[in-house]
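Colleague: Fold the following, please.
(2 chains)
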Number of protein chains: 2
Amino acid sequence: MFSQTVEYALRAMLYLASIDGQAATSKGIARRTRVPSGYLSKLMRDLVLADLVTSFRGPHGGFTLARLPEQISILDVVNAVQPIRRIRRCPLGNPEHTSLCPLHRHLDDALATIEGIFRETSLAELLRTAGDTSLLADLSNRRNTPPPPRAP
Amino acid sequence: MFSQTVEYALRAMLYLASIDGQAATSKGIARRTRVPSGYLSKLMRDLVLADLVTSFRGPHGGFTLARLPEQISILDVVNAVQPIRRIRRCPLGNPEHTSLCPLHRHLDDALATIEGIFRETSLAELLRTAGDTSLLADLSNRRNTPPPPRAP
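Modeller: Sure thing, here's the model as predicted:
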């Protein structure tokens, strides 16, 4: 139900949140989050367009979060790369339907619930609750480990 | 977030639930629910495989619900055509992760919430709460209306 796109964007944003305002290159983020680099580049563009990430050019360039991790919710990230589309009108296109039928109202209620869950959780909160099995612990370990040797 | 597949399968099941145990052909269901017939045929196969629908061959053949509408939940229909995949293991494939990190635990909690919402609502309940703007009222009206003339 949550796409690979959402999963990868959240990994990238959590990685940026974990390095305390340092800039990271697209290549570096891709390696640390194990996201294919072409895919990551496209996601980074979407995250910049949504004003969640700032990009800097030049030899010390790269990406940083545009706001503090406390100010970026899971919903912000999801909506930047694959927006949750609430159901506002009859999907059957019936002009007589001025309000949603029970099926579509029910589906939309479920979407609203997911929006609420994602809106209430910030990147900072995910970092704070991280334990031994955290994605971030995993990614941070990799920061201090040289990349594995490339196959010849 | 909910795919076209899920939307179409729910329309087809609600239509079958609305005709009180009568059989409907694939062509008939496709017309009443405005689902492309090729798409609908594939969905009906999935719904039969999941034991939610029974198919009958012959001149009076077609599809009926395999259980009462009270006994079929939205979750049953969703899982028949596009199962909600809970997150049981680290999506990064890290064997050291014996439990989920905060990110994936959070995403899985959201999936569990959706499962709960969908499990608690039966097709019968959606029919009961139908008002003037119900999908089913719309589909039922069409039952008593001859199809529009075909373009020559």
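
Colleague: in chain A, which spans are helices?
Modeller: Per DSSP state H, chain A carries helices over the ranges A:4-18, A:26-33, A:37-49, A:74-81, A:102-119, A:123-128, A:135-143.

Colleague: Ok, which of those helices comes nearest B:Leu75?
Modeller: Nearest to B:Leu75 among these is helix A:102-119; the distance by CB to CB comes to 10.7 Å. (Glycine included, C-beta is placed from N, CA and C.)

Colleague: helices or strands up against the closest one?
Modeller: helix A:74-81, helix B:4-18, helix B:102-119, helix B:123-128, helix B:135-143 (3 or more CB pairs under 8 Å, 6 or more residues apart in numbering or on different chains; DSSP states H and E).

Colleague: now these in a markdown table, with distance to A:Ile117, mean pLDDT and mean neighbour count?
Modeller: Below are the helices and strands packed on helix A:102-119 laid out as a markdown table (distance: least, CB to CB, whole Å; pLDDT from 0 to 100; neighbours: other CB atoms under 10 Å in any protein chain shown):
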| stretch | distance to A:Ile117 | mean pLDDT | mean neighbour count |
| --- | --- | --- | --- |
| helix A:74-81 | 8 | 97 | 22 |
| helix B:4-18 | 19 | 94 | 23 |
| helix B:102-119 | 5 | 92 | 18 |
| helix B:123-128 | 23 | 89 | 19 |
| helix B:135-143 | 27 | 52 | 18 |
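
Colleague: Pipe the ones you listed into JSON lines and attach distance to A:Thr64 per row.
Modeller: Shown next, in JSON lines, are the helices and strands packed on helix A:102-119 (distance: least, CB to CB, whole Å):
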{"stretch": "helix A:74-81", "distance to A:Thr64": "15"}
{"stretch": "helix B:4-18", "distance to A:Thr64": "38"}
{"stretch": "helix B:102-119", "distance to A:Thr64": "20"}
{"stretch": "helix B:123-128", "distance to A:Thr64": "47"}
{"stretch": "helix B:135-143", "distance to A:Thr64": "47"}
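
Colleague: Between those, which one is closest to B:Val77.
Modeller: Across those (criterion: CB to CB), the nearest stretch is helix B:4-18, sitting at 5.1 Å.

Colleague: now the angle between helix B:26-33 and that closest one, please.
Modeller: 100 degrees (axes from the mean of the first three to the mean of the last three CA atoms, to 10 degrees).

Colleague: Could you tell me the angle between helix B:4-18 and helix B:74-81?
Modeller: Using the same axes, to 10 degrees: helix B:4-18 against helix B:74-81 is 120 degrees.

Colleague: Tell me which residues touch the residue lying closest to A:Gln71 once chain neighbours are set aside, please.
Modeller: Closest residue to A:Gln71 in three dimensions, ignoring its sequence neighbours and counting by CB to CB, 6 or more residues apart in numbering or on different chains: A:Ser122, at 7.1 Å. A:Ser122 makes contacts with A:69-74, as judged by CB atoms under 8 Å, 6 or more residues apart in numbering or on different chains.

Colleague: Which of these ranks first by neighbour count?
Modeller: A:Ile74 (27 neighbours; other CB atoms under 10 Å in any protein chain shown).
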